[in-house]
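Colleague: Pasting a predicted model and its sequence here:
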Number of protein chains: 2
Amino acid sequence: MSPARTARALARETITREILDSARARLSTDGAAALSLRAVARDVEMVSSAVYRYFPSRDALLTALLVESYDELGEAAEAADAAVADRADTAARWLATFRAVRAWCVAHPGEFGLLYGTPVPGYAAPRDTVVPAVRVVRVLARIVGDAYAAGARPTAVPAPVAAATADAPVTVAPGLAFIADQGLWTGTDLADDDVAEAVRRTIIAWTTLFGLISFELFGHQVGSVADPVTWLDEVALRLGADLGIGV
Amino acid sequence: MSPARTARALARETITREILDSARARLSTDGAAALSLRAVARDVEMVSSAVYRYFPSRDALLTALLVESYDELGEAAEAADAAVADRADTAARWLATFRAVRAWCVAHPGEFGLLYGTPVPGYAAPRDTVVPAVRVVRVLARIVGDAYAAGARPTAVPAPVAAATADAPVTVAPGLAFIADQGLWTGTDLADDDVAEAVRRTIIAWTTLFGLISFELFGHQVGSVADPVTWLDEVALRLGADLGIGV
DNA sequence: CTTTGGCAAGAGCGGTGCTCTCGGTTGTGT
DNA sequence: ACACAACCGAGAGCACCGCTCTTGCCAAAG
């Protein structure tokens, strides 16, 4: 960017990219926990110690991969939503987002494992990763908000749930605070109860979507789901219908 | 068992147990992928090569841990269901099972990572693991079957879902073949459509339960869910209500 | 032209899975 | 009672890993 594109800066940029690409390739074959800095070094034909000039530690490399992957996934979700021409067709946007998220994860199983799988043992993701991490659920929330602004409403709470949670405290409250912060749901004249209900179901939808993909990629669906693609479509429809999307 | 409890056989049994226990402890601290045979050897105060007398490879040790953990989790689920005195109260059994599954997973995060997290890179689970692996979902299916035998029915399919899947092939068909095989849902005079719907929702329920626990244990709920325990209760109620459990 | 600093290379430390060999112990058939 | 076989723990060794430190080269900046 700013630091005068000298030959040296350019070379550094190129090599950094090569390292990241090789690391992501290794991610899919070896898994995040077993990501080997030496193996990456061999791939880019450098000595292992040289890689440390670009990333001060294996953890730093992991963080870079984490941010890059979260951003790619979020970008894919946002692009899929934005590609639906009829902005009022929230059902189509909802389905497109579900499909795009799954498609990215299936195309990048290694990165998915890094993002949502077993945490890498001695590694804790730094703060920088939370913003890109919520991009996907932000897309979902925005679609819900648009649907409600257009008059849609969540379906009624099932009677037993309503009875059991009548005087229970709202457990999800801090939950999607950023929804309010970022004004995703302003413009909707929802009652507070409807907002709470919508937040709950949005979180459930995201949780289920993650469960679907995780089961598929980690091999827990063999013999129980014939076709993951149509299965995901159907579940997406059901979750959307609960939210009042797609009437 | 049968092979005459000689002093040697007894010692072998004891040491095998010690190795397994140490390995499971390490599982929680280091993660499944980084499980080090040398580390468990140090824990049981043996030389690493000696451990190979008990498990021919690290993979064999992993398989043993996998089977043992699946069985423990399945046992916990079955015990929770069985502990509900009023067998007709399927809602209570449903909730108890959800709670027990979560409780076991929270108490055994390392084992959970092994069972449901990122697959260990060079390791593929052998056939022996599929039987214990389905015990949990079997418990859920049995409860659903009991509810339907007592007259419960799944709630109506949301209109948009019904419309979209009207002429779509059944994608989940082979799915819970073992439900029919093991006669979990005999005694219910369900229409074929209701059976298909119930199978779908049972799978969705299990998928969502897994997603909930995974998000909680892997740190994707921070800031979005205040109290995982009451949140799980509520989601369990909702999923049960969709299935017609808990009217 | 000199100095600063980025960068590749290599040696070295302690860790890993796994194999092989060497004695000592235990169980068993004669 | 003895001998043979099976078993088992210890140790050395191989090739790999992440990471640190030192050395020396070479381009960029003054």
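Modeller: Thanks, I have the structure now.

Colleague: following the helix or strand of chain A with the lowest mean pLDDT, which helix or strand shows up next?
Modeller: Least confident element among the helices and strands of chain A, by mean pLDDT, DSSP states H and E: helix A:177-181 (a mean of 58). Downstream of helix A:177-181, the next assigned helix or strand under DSSP states H and E is helix A:192-217.

Colleague: show me where pLDDT drops low in chain A?
Modeller: A:1-5, A:166-183, A:187, A:247 (pLDDT under 70).

Colleague: For residue A:225, pull up the helix or strand it's in.
Modeller: When the helices and strands are read off by DSSP H and E, none of them contains residue A:225.

Colleague: doesn't residue A:216 make contact with it?
Modeller: Yes. The pair residue A:225 / residue A:216 is scored as a contact, 7.5 Å apart, by Cβ atoms under 8 Å. Just so you know, the C-beta spots here come from the backbone N, C-alpha and C atoms, and that holds for glycine as well.

Colleague: Now stretch A:117-125: buried residues?
Modeller: A:117, A:118, A:119, A:120, A:123, A:125 (16 or more other Cβ atoms under 10 Å in any protein chain shown).

Colleague: Equivalent analysis for stretch A:222-233, please.
Modeller: For stretch A:222-233, by 16+ other Cβ under 10 Å, it's A:224, A:225, A:228, A:230, A:231, A:232, A:233.

Colleague: and chain A, what are its domains?
Modeller: A:1-56, A:62-243 (automatic domain parsing).

Colleague: how about the residue positioned nearest the centre of chain A, what does it touch?
Modeller: Nearest to the mean C-alpha position of chain A, counting by Cα atoms, centre = their mean, stands residue A:136 at 4.3 Å. Going by Cβ atoms under 8 Å, 6 or more residues apart in numbering or on different chains, residue A:136 touches A:73, A:74, A:77, A:97, A:101, A:206.

Colleague: related to what we said a few turns ago, could you single out the nearest of the buried residues of stretch A:222-233 to DNA strand C?
Modeller: residue A:224 (30.5 Å; Cβ to the nearest atom of the strand).

Colleague: And that closest one, how far from residue B:140?
Modeller: Going from residue A:224 to residue B:140 by Cβ to Cβ, to the nearest Å gives 12 Å.

Colleague: Check residue A:193 too.
Modeller: For residue A:193 relative to residue B:140 (Cβ to Cβ), the value is 30 Å.

Colleague: My read is that residue A:238 contacts residue B:158, right?
Modeller: Yes. When contacts are counted by Cβ under 8 Å, residue A:238 is listed as touching residue B:158 (6.4 Å).

Colleague: What strand or helix carries the residue nearest to residue A:68 when sequence neighbours are not counted?
Modeller: Distances taken as Cβ to Cβ, 6 or more residues apart in numbering or on different chains put residue A:20 closest to residue A:68, at 6.7 Å, once the chain neighbours are dropped. Per DSSP H and E: residue A:20 is located in helix A:7-30.

Colleague: Contacts for that helix, please.
Modeller: In contact with helix A:7-30 (Cβ under 8 Å, 6+ apart) are residues A:3, A:35-36, A:39-40, A:43-44, A:46, A:51, A:54-55, A:61, A:64-65, A:68-69, A:108-111, A:113-114, B:121.

Colleague: What of stretch A:55-75?
Modeller: A:19-20, A:23-24, A:27, A:32, A:35, A:37, A:40, A:101, A:104-105, A:108, A:111, A:114-115, A:120, A:122-123, A:125-126, A:128-129, A:132-133, A:135-136, A:138-139.

Colleague: List only buried entries from those residues.
Modeller: Of the contacts of stretch A:55-75, these count as buried by 16+ other Cβ under 10 Å: A:19-20, A:23-24, A:27, A:32, A:35, A:37, A:40, A:101, A:104-105, A:108, A:111, A:114-115, A:120, A:123, A:125, A:129, A:132-133, A:135-136, A:138-139.

Colleague: residues from chain A in reach of DNA strand D?
Modeller: Residues of chain A found near DNA strand D (Cβ under 7 Å from any atom of the strand) are A:4, A:6-8, A:35-39, A:42, A:48-49, A:52, A:56-59.

Colleague: Tell me the buried residues within the residues you listed.
Modeller: A:35, A:37, A:39, A:58.

Colleague: In those, find the pair that's most separated.
Modeller: Farthest-apart pair in those is A:39 and A:58; separation 11.1 Å (Cβ to Cβ).

Colleague: just to revisit the earlier point, among the residues of chain A next to DNA strand D, name the ones in helices.
Modeller: In this view, these that belong to helices under DSSP state H are A:7, A:8, A:37, A:38, A:39, A:42, A:48, A:49, A:58, A:59.

Colleague: which one among those residues gets closest to chain B?
Modeller: Distance to chain B, by Cβ to the nearest Cβ, is smallest for residue A:39 among these, at 11.7 Å.

Colleague: Not counting residues beside it along the chain, what's closest to the closest one?
Modeller: Closest to residue A:39 by Cβ to Cβ, 6+ apart is residue A:26, at 5.8 Å.

Colleague: quick one: that neighbour and residue B:96, what's the gap?
Modeller: Counting by Cβ to Cβ, the gap from residue A:26 to residue B:96 is 44 Å.

Colleague: same thing with residue A:53?
Modeller: 57 Å.

Colleague: neighbour count winner among those two?
Modeller: Using other Cβ atoms under 10 Å in any protein chain shown as the criterion, residue A:53 and residue B:96 rank with residue B:96 on top: 21 against 11.

Colleague: before we move on, which element is that one in?
Modeller: Residue B:96 belongs to helix B:90-107, assigned by DSSP H and E.

Colleague: Good, wrapping up.
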